[in-house]
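Undergrad: structure for this input, please:
(2 chains)
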Amino acid sequence: MAGNALLDLDGVGKRFASPGRGAPAMQALQGVGFVLEPGRIMGLIGPDAAGKTTLLRICAGLVVPDAGEVAVFGDSVARLDRSRIGYMPQSGALYAELSVLQNLTLYARLRGLSRELWDERIAHLLDLTGLAPFTRRAAGRLSGGMRQKLAMACAVAAAPPLILLDEPSVGVDPLSRREIWQLARDLAGPETGIVWATSILDDAEQCDDVLVLHEGRREYFGAPAGLAEFAAGRCWSTPVPAENRRRVLRAALEQPTTIAGRIDGGEVRLTLRSVADQPPALGEGAGSAWRERRPHVDDGFAWLLDDASVLKPSAVAAAFPQIAANPDAPAAIEAIGLGKRYGDFVAVNDVSFSVAPGEVFGLLGPNGAGKSTTFRMLCGLARPSAGHGRVAGHDLTTASAEARQALGYMPQKFSLYADLSVAANLRFVAGAYGLAGAHAKEAIERAVENLSLGAFWQLSAGTLPLGVKQRLALAAAVMHAPRVLFLDEPTSGVDPLVRREFWHHITAIADRGVAVLVTTHFMDEAELCDRLLLISQAEAIAHGTPEQLKQQALAVRTAGATLEDAFIALIAAQRERIRAEAA
Amino acid sequence: MSARGATAAVMAKEWAQIWRDPSTIGLVLVLPLLLMFLFGSAVSLDTTATRTGIVDRDRSAASRDLVAAFARNRYFAIQEAPAVEPLARAMLADEVRGIVVIPEGFGRGLANGRPRDIQMLTDGAQPNTAAFIAGHARGLLATWSAARLGERGEARPPVLQINARYRYNPGLRSRYTLVPGAIAIVMAMIGTMLTALIVAREYERGTMEGLLASPIPVPLLVAAKLFPYFVLGLAATAVCVGVAIVAYDLPFRGTFPALLLISAAFLSAVLGQGLLISAGTRNQFVSTQFALLSGFLPSLLLSGFLFEIDSMPQPIQYLTYIVPARYLIPPLQSVFLTGDIWAIFWPNAAIMFGFGAFFFWRVTKAIGRTIA
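TA: Next comes the predicted model:
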């Protein structure tokens, strides 16, 4: 055991019994080891169900491993002094009905912070988190970003030398994510060690070390730069005109030589399997030649986790009838001066936009900005206080059931029946959309085949890994081949591999002439949209193509070149404007 | 670290949650009132005036006198008719429960010393009421004929007579024994419901992970979660006892320390039971249903509240030993009707505290120190 290491794990293994009927037992971890020295931040990255949570719980003494040695502060975890670790579970463990101050006080006292230090420490935490104006607000009424900050403050209330954070940045917008990172650095002393579990690769770049977990095994442990190195000589990009980008990217991803790809600025960027491989030839009007690029962490991660699978042309999209392109066609989705108030609270104020058939339209914005409310008003799930929305020519707050057939909706939270099997859920959805007999059977079989749900057919939906749940939810939303598709954070919490597959389907579905409205916190996904609307504090503050948004950001302040920089700059500009108006 | 501070923190948190959740207060204050009035008023083993039809075919002085005797009696509400037919229809419609028919020649027969029988028709579909009416009618006739004989100077003293005296409940009012039983049922139900949610809720919302990751020892955690509900349970008991004394006019012949002892013992058992269900299921929905079933039904059926345990079949009697309410009803009845009888209080309280301790131990085991 190392002298003053905070964590020293060696050969740790954990197996879980089958969670229920038909589900297999799971080897959550196998032979995992690492050392965390004081003052370092270790990123624990890996796809969904890789074993990240189990590993953190083992370090916190909440799960007993079957095999291996776990030393915390140089002593066995069995004799762990729990007041010296700050563990933030994935749920945040906040009491939603209690106030910010009550939550903080509870955890400060639970973790044994002595009475004399209370007031000072809590004042300090409130100051750092920016929650001081909201001490009396119920935790459940905070926005997602603020809730994560409060959860982190609760975890570290007693200033522990070891901080374990389970996905603190999941489901959080880029601005809040930056703030959460700043908060973690502010909270950590020079001798504090942090373990930061995440499936977001942008987080990994911020860490001193990263541990890559995949299916319970350690795939890599070392500096983030070392992870990027795996993809050296395999990254290529080329500028492509906007109208061709998605098509070029999709064609490249369907090549056996390509592992991953995305749109980065005005370019299509690919990660290839082998240094010997060349990017696919560009078609007519697709732009200039490919150039080799410096690898990023996400390129290395994609290479490391590559399972040699090749994306096939989306069969999900092929099941949609092709809607002929028609420049005179009416808008598929229209929001005209949409507004929603709850009492004094304005959730959405005067939002207008329209989406043409075949277009992917992204709603961006911080947590709690009003995106989901806008969504719900368009789907007819909430009645607008002002303005109106039309979907495929119908106002869905008043339209008949048939009109709803035109809409496919995938809600943010998993909304199928957790205790029913995949089969029963799909049969239910088919019935709900009026599919019966041979039609229903055919639609279900197609969905199962196209989204590879066959292996999970008899399992309860609640026991599925998150990525499979999301695939099931997508299957349910597209089973009846709607002309308009609403996706509310379809990739929140899922790993890069599933995200890549999802967007492969989404862009292909749009090319069949379907209008897609999607919300996301991932800027690489936003780059795949034709147009974006940035909503912040209930108002639409920017509107246009990803390129136009970057231009608008440059107009208000000197921002960086990425969409994330633009996002943050535009919101900061709005805040300044509001502050100036108030003053 | 200070275990005391952590315990106090959890307790403060429970109080804050109770305060923010009006349904808990409703459960403690409103539900006991509702249930006490329901059980106290609706469940009664006494009969009051029963609607009874009467047909006087004789219309003699004697028969009129007998009709008048029925009309005066407090167990009968008389509805007279010239023939059986309309009354029989009324019985079908549940408007009368019995029909008394006085035959022709009733008065003459009485005078001749060859009295004719009175017919009593009852609704056998309501066996209890039917038996009550028939019994009361028989008693009324006996009194009536004795009085007639006395008037004519032919009264003979009966050979043997029992002189019954009902101690502790001189009026033999079933309410006196039912209301303490109802208190036990209400407390069993509220006690299990109060705690059935509280651990399951922590698991469902993911807050249990936060508590387990903190240094507080599990037994202290359970105790800290339990204590506020113990106080609430005592408050609910106070409401029940208040209703019993004020609204149902029950005597309170014991002392409050005795009442406190037995209520505390019972609450420790039922709160523990709810907590164990909660920790075992880790699911609020299942937990509530199970708590309602396991708290309410056995207490109602097997505690001796409605059915006397002594008259149950032997195997069922054994089953009653694991129903905590069985040990509450006798001491509760004596604290109301008899006074402090410590020979009843101590052993029953000890058994109930034993249940409580067992449940507490199982709960700490069920929660454990780990999450998975």
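Undergrad: residues touching residue 32, list them.
TA: Using chain A here. Residues in contact with residue A:32, defined by Cβ atoms under 8 Å, 6 or more residues apart in numbering or on different chains, are A:9, A:11, A:12, A:13, A:51, A:55, A:68, A:211, A:213, A:216, A:217, A:218. In this view, the C-beta of every residue, glycine as well, is placed from N, C-alpha and C.
Undergrad: let's do chain B instead
TA: Residue B:32 makes contacts with B:186, B:190, B:236, B:239, B:240, B:243, as judged by Cβ under 8 Å, 6+ apart.
Undergrad: repeat that for 10 Å
TA: Residue B:32 makes contacts with B:182-183, B:186-187, B:189-190, B:235-243, as judged by Cβ atoms under 10 Å, 6 or more residues apart in numbering or on different chains.
Undergrad: which one of the residues you listed has the most neighbours?
TA: residue B:183 (32 neighbours; other Cβ atoms under 10 Å in any protein chain shown).
Undergrad: and the nearest residue to it once chain neighbours are set aside, backbone torsions?
TA: Leaving out its chain neighbours, the residue that sits closest to residue B:183 by Cβ to Cβ, 6 or more residues apart in numbering or on different chains is residue B:240, at 4.4 Å. Main-chain dihedrals, residue B:240, degrees, to the nearest 10: phi -60, psi -50.
Undergrad: max-length helix in chain A?
TA: Across chain A, the longest stretch assigned as helix under DSSP state H is helix A:563-582.
Undergrad: output it as PDB, nothing but the C-alphas.
TA: Extracted in PDB, the C-alpha atoms of helix A:563-582 (Å, rounded to 0.1, in the frame of the first residue of the first chain):
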ATOM      1  CA  LEU A 563     -20.800  26.100 -30.000                       C
ATOM      2  CA  GLU A 564     -20.300  25.700 -26.300                       C
ATOM      3  CA  ASP A 565     -18.500  29.000 -26.100                       C
ATOM      4  CA  ALA A 566     -21.300  30.600 -28.000                       C
ATOM      5  CA  PHE A 567     -23.900  29.100 -25.700                       C
ATOM      6  CA  ILE A 568     -22.200  30.400 -22.700                       C
ATOM      7  CA  ALA A 569     -21.500  33.800 -24.200                       C
ATOM      8  CA  LEU A 570     -25.100  34.400 -25.300                       C
ATOM      9  CA  ILE A 571     -26.500  33.500 -21.900                       C
ATOM     10  CA  ALA A 572     -23.900  35.600 -20.100                       C
ATOM     11  CA  ALA A 573     -24.900  38.500 -22.400                       C
ATOM     12  CA  GLN A 574     -28.600  38.000 -21.500                       C
ATOM     13  CA  ARG A 575     -27.800  38.000 -17.800                       C
ATOM     14  CA  GLU A 576     -25.800  41.300 -18.100                       C
ATOM     15  CA  ARG A 577     -28.700  42.800 -20.100                       C
ATOM     16  CA  ILE A 578     -31.200  41.800 -17.400                       C
ATOM     17  CA  ARG A 579     -28.900  43.100 -14.600                       C
ATOM     18  CA  ALA A 580     -28.500  46.400 -16.500                       C
ATOM     19  CA  GLU A 581     -32.200  46.800 -16.900                       C
ATOM     20  CA  ALA A 582     -32.800  46.100 -13.200                       C
END
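Undergrad: count of residues packed around residue B:114?
TA: If we define neighbours as other Cβ under 10 Å, then residue B:114 has 9 of them.
Undergrad: residue of the stretch 251-372 of chain B closest to chain A, please.
TA: residue B:371 (4.4 Å; Cβ to the nearest Cβ).
Undergrad: didn't that residue look like it was pressed against residue A:16?
TA: No - checked against Cβ atoms under 10 Å, the pair residue B:371 and residue A:16 is beyond contact range at 11.7 Å.
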